[in-house]
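[1] Quick one, structure for this:
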Amino acid sequence: STQSTWGIFFPSVTGIMAGANRSAALDNPSRSIPRGTIAAILITAIVYLANVLLFGSCATRDKLKKLDSLIVSDVAYPYPIVVQVAVLLSTLGAGLQSLTGAPRLLQAIVMDNIIPFLSPLKEDPSREPKKTLLATWAICALAILPGNLDFITPVVTMFFLLFYMFTNLACLLLCYLRPPHFRPDFRYFNWLTALLGMLSCTAIMFIINIGAAAGAIVFAALLYVYIGKKGEAHDWGDGIRDIRLLNVRTTLLTLDGYGPFHFKMWRPNILLLTKIQCQNAFTEVVVQEPGLLDFLVQLKKGRGLNVTGTIVKDPDVNIVEFREAVTDCIQKDMGVMTFLATVMSGNVAVAASDLIQIAGIGRYQPNIVAMGFPSAADSDGGLILCEALNLSERLSKAIVVLRLTEGYPVAKNQGKAIHLWWKPHGGGLLVLLPFLLSKHNVWRKAEVTVYTLCSPGTSTEEMHKRVTELFKELRFKCKCVCVELETTMPTFQYPRAPVQEVKAEAPATRDARNMSFHEKKAEREKQWSQFPSRFAALSDPSQPVGLHPELAERLNEVILEYSRNADLVVFNMPRYQRGEDIKILLNYVNILTRGFPSFFMVKDSGREVTTSFF
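    Numbers count the residues shown, from 1 in each chain. Okay, the predicted model is just below:
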């Protein structure tokens with residue numbers, strides 16, 4: 001058949017890559033390989049076309065179809081044995097050519113250690129490749145032993161075509177990506193010829209033998225996966241990674257052109273500020289608060305951007321090696337998928353300000369700044385918290401401050417109880433974060449309890465009914481409990497109350513692409529200022545705010561009464577006015593959280609809108 005004839009004939013024209021396989025032996029490969037390859041193709045085409053004409057001139061159609069003898073031998077002069085000897089010598093020459101190119105190619109693969117199970121074949125690359133030569137001979141011998149070359153030839157053809165297909169694919173990707181290092185001297189190179197060559201090789205594979213083509217592709221895919229997992233990493237460049245980078249650039253530029261993200265598309269993009277040190281020439285990385293990274297992992301259902309920021313005080317540290325060591329430790333050893341942002345500075349407050357302002361790219365920036373609650377002896381932590389609070393409103397970023405005890409759950413189903421303390425206008429982020437935590441396998445079986453603080457004179461039954469209805473509409477499964485205080489509880493509300501009740505209460509929005517900057521700002525203010533009408537008469541956001549130690553003591557007693565055995569306690573951060581002494585806030589929180597289990601407190605930015613209609 002035409003297919004089998006094609007498969008048998010094809011290996012006779014595969015010598016065109018011999019020059020590329022021996023490029024190390026060429027004085028000027030970039031000049032010699034294109035010329036030699038094109039010359040080989042032209043000469044081969046002329047010779048084989050001439051054979052077609054000569055065979056048609058000296059033999060009848062019936063003779064060519066039957067092929068009961070070697071036609072070239074029948075017409076040879078002076079004796080038929082001349083052609084038989086020539087065929088034998090040509091076969092030996094082709095075999096010797098393969099035995100000089102293939103072992104060296106196999107030796108190069110072995111020395112690069114990209115296929116680990118071939119490591120026993122390693123030897124001095126400056127000497128003749130004896131081990132790989134024996135291995136190549138063994139492979140050839142096994143292929144010949146069945147005694148049917150017509151069966152082996154199509155299989156060999158598949159791998160030749162795969163090699164040519166991937167060569168054309170590599171050229172096509174380079175032409176599409178246009179990296180600066182890709183500067184081909186061959187002036188007639190074009191992406192269309194590479195695409196045509198790749199498609200032609202694929203089509204010919206399936207024309208010859210569908211089963212063999214599918215088997216070769218599966219083998220190549222399995223080998224690719226094996227090399228990716230077991231092979232030694234090399235800095236040769238990666239076309240697939242370059243495509244991803246190009247797509248990221250295009251996507252970020254596209255996002256920047258559509259204005260701020262809509263509140264319904266909000267995701268927790270977190271900048272985590274923590275202390276990280278490298279010791280013993282960057283071989284040992286010490287993360288001061290590894291529990292904070294566990295918290296990042298547990299919020300992965302939010303599918304947001306995670307950035308870990310750290311400050312390097314030592315001006316003599318090689319910042320490039322520091323970043324590589326810390327990134328490998330966090331991503332590979334600890335399994336936390338996060339980007340690393342570093343600032344080198346001896347001034348902690350300035351460095352923290354820089355990190356908060358520059359982390360991210362374009363509109364894709366962190367909207368939450370998270371950090372550990374500073375201890376009394378941690379003066380740097382107090383400065384960082386003060387800087388974060390001072391910048392948060394101006395940059396529209398929320399603040400999450402954590403203190404995680406040694407018993408903080410990290411294993412599957414280890415978390416049993418999350419207690420959320422809030423007031424109805426206390427903020428959307430306070431609700432969203434426990435909800436996202438409950439989706440992680442550590443907290444999947446945890447019971448979430450919402451404790452609502454009620455001021456004197458408030459109907460707890462009415463409040464309980466309305467809070468229960470609200471969380472039911474928000475599709476957040478939790479237990480609601482109302483706790484009445486005998487003293488007036490000052491609100492911790494921030495400029496905008498971020499809980500939307502129903503779609504009818506949300507203002508109609510216009511297309512941001514057709515609005516001016518001031519119109520966009522006014523539209524956002526209208527969206528963020530929505531407040532559930534059902535709670536309007538139950539709270540007074542105009543109450544004065546005071547960080548009184550007596551109130552902290554009382555709140556501590558109430559919260560411990562209900563949440564002493566909880567795994568995690570969540571509450572709003574006490575109100576902090578920009579420019580105030582941070583020590584007042586730290587002292588208040590220390591009194592408030594005395595004896596607490598793991599906790600985190602939240603300060604909303606006003607953009608974290610929890611909706612009941614999406």
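[2] Now do the helix ranked longest in the chain: which elements does it pack against?
    Longest helix of the chain, by residue count under DSSP state H: helix 81-112. Other elements packing on helix 81-112 under the criterion 3 or more CB pairs under 8 Å, 6 or more residues apart in numbering; DSSP states H and E are helix 18-21, helix 71-74, helix 130-144. Every C-beta, even on glycine, is put in place using the N, C-alpha and C of the backbone.
[3] Compute the inter-axis angle for it and helix 130-144.
    130 degrees (axes from the mean of the first three to the mean of the last three CA atoms, to 10 degrees).
[4] mind checking how far helix 81-112 is from the chain centre?
    Chain-centre distance of helix 81-112: 45 Å, with CA atoms, centre = their mean, to the nearest Å.
[5] What's the local residue count around residue 311?
    For residue 311, the neighbour count with other CB atoms under 10 Å is 22.
[6] one step back: could you identify which of the helices and strands packed on helix 81-112 is most buried?
    helix 18-21 (a mean of 17; mean count of other CB atoms under 10 Å).
[7] helix or strand right after that helix?
    helix 29-58 (DSSP states H and E).
[8] Show me which positions of that following helix end up buried.
    By 16 or more other CB atoms under 10 Å, the buried positions in helix 29-58 come out as 33, 34, 36, 37, 40.
[9] what does stretch 298-310 give?
    Neighbour-count burial for stretch 298-310, with 16+ other CB under 10 Å as criterion, is recorded at 298, 299, 302, 304, 305, 306, 307, 308, 309, 310.
[10] where's the dip in pLDDT among the residues you listed?
    Minimum pLDDT across the buried residues of stretch 298-310 is recorded for residue 302, with 76.
[11] Burial check on the nearest residue to that residue once chain neighbours are set aside, number of neighbours?
    Once flanking residues are discounted, residue 302 sits nearest to residue 268: 4.2 Å by CB to CB, 6 or more residues apart in numbering. Using other CB under 10 Å, residue 268 has 24 other residues around it.
[12] Tell me if I'm right that residue 568 and residue 597 touch.
    Yes. Using CB atoms under 8 Å, residue 568 is in contact with residue 597, at 6.9 Å.
[13] between the two, which one's more packed in?
    Between residue 568 and residue 597, counting by other CB under 10 Å, residue 568 is the more crowded of the two (28 against 20).
[14] For the more buried one, give me phi and psi.
    Taking degrees, to the nearest 10, you get phi -150, psi 130 for the backbone angles of residue 568.
[15] follow-up on the earlier one: quick one: closest of the helices and strands packed on helix 81-112 to residue 435.
    Comparing these by their distance to residue 435 (CB to CB), the top pick is helix 18-21, with 58.1 Å.
[16] for the closest one, what is the average pLDDT?
    Averaged across helix 18-21, the pLDDT comes to 68.
[17] Next: stretch 68-76.
    On average, stretch 68-76 scores 76.
[18] follow-up on the earlier one: distance to residue 290 added to the buried residues of helix 29-58, as JSON lines?
    JSON lines is the format used below for the buried residues of helix 29-58 (distance: CB to CB, whole Å):
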{"residue": "33", "distance to residue 290": "53"}
{"residue": "34", "distance to residue 290": "55"}
{"residue": "36", "distance to residue 290": "59"}
{"residue": "37", "distance to residue 290": "56"}
{"residue": "40", "distance to residue 290": "61"}
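[19] Please, where are all the strands along the protein?
    Secondary structure of the chain by DSSP state E: the strands cover 270-273, 276-279, 284-287, 306-312, 339-344, 368-372, 398-403, 417-422, 447-454, 479-484, 568-572, 599-603.
[20] could you redo those as CSV and give each row distance to residue 238?
    Shown next, in CSV, are the strands of the chain (distance: least, CB to CB, whole Å):
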stretch, distance to residue 238
strand 270-273, 28
strand 276-279, 27
strand 284-287, 25
strand 306-312, 23
strand 339-344, 19
strand 368-372, 32
strand 398-403, 36
strand 417-422, 42
strand 447-454, 43
strand 479-484, 50
strand 568-572, 41
strand 599-603, 39
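[21] Of all these, which one is nearest residue 93?
    In terms of CB to CB, the element of those nearest to residue 93 is strand 339-344, at 57.4 Å.
[22] Paired strands for the closest one, with orientation please.
    strand 306-312 (parallel) (DSSP bridges).
[23] Tell me how far the strand it pairs with lies from the chain's centre.
    Strand 306-312 has its C-alpha centroid displaced from the chain centroid by 18 Å (CA atoms, centre = their mean).
[24] do stretch 49-58 as well
    Stretch 49-58 sits 59 Å away from the centroid of its parent chain (CA atoms, centre = their mean).
[25] and that stretch, C-alpha only, in PDB?
    Extracted C-alpha coordinates of stretch 49-58, given in PDB (Å, rounded to 0.1, in the frame of the first residue of the first chain):
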ATOM      1  CA  LEU A  49      13.700  12.000  -8.800                       C
ATOM      2  CA  ALA A  50      16.400  10.900 -11.300                       C
ATOM      3  CA  ASN A  51      15.900   7.300 -10.000                       C
ATOM      4  CA  VAL A  52      12.200   7.600 -10.700                       C
ATOM      5  CA  LEU A  53      12.900   8.700 -14.300                       C
ATOM      6  CA  LEU A  54      15.600   6.100 -14.900                       C
ATOM      7  CA  PHE A  55      13.500   3.300 -13.500                       C
ATOM      8  CA  GLY A  56      10.600   4.300 -15.700                       C
ATOM      9  CA  SER A  57      13.000   4.400 -18.800                       C
ATOM     10  CA  CYS A  58      14.400   0.900 -18.400                       C
END
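[26] With that, I have no additional questions.
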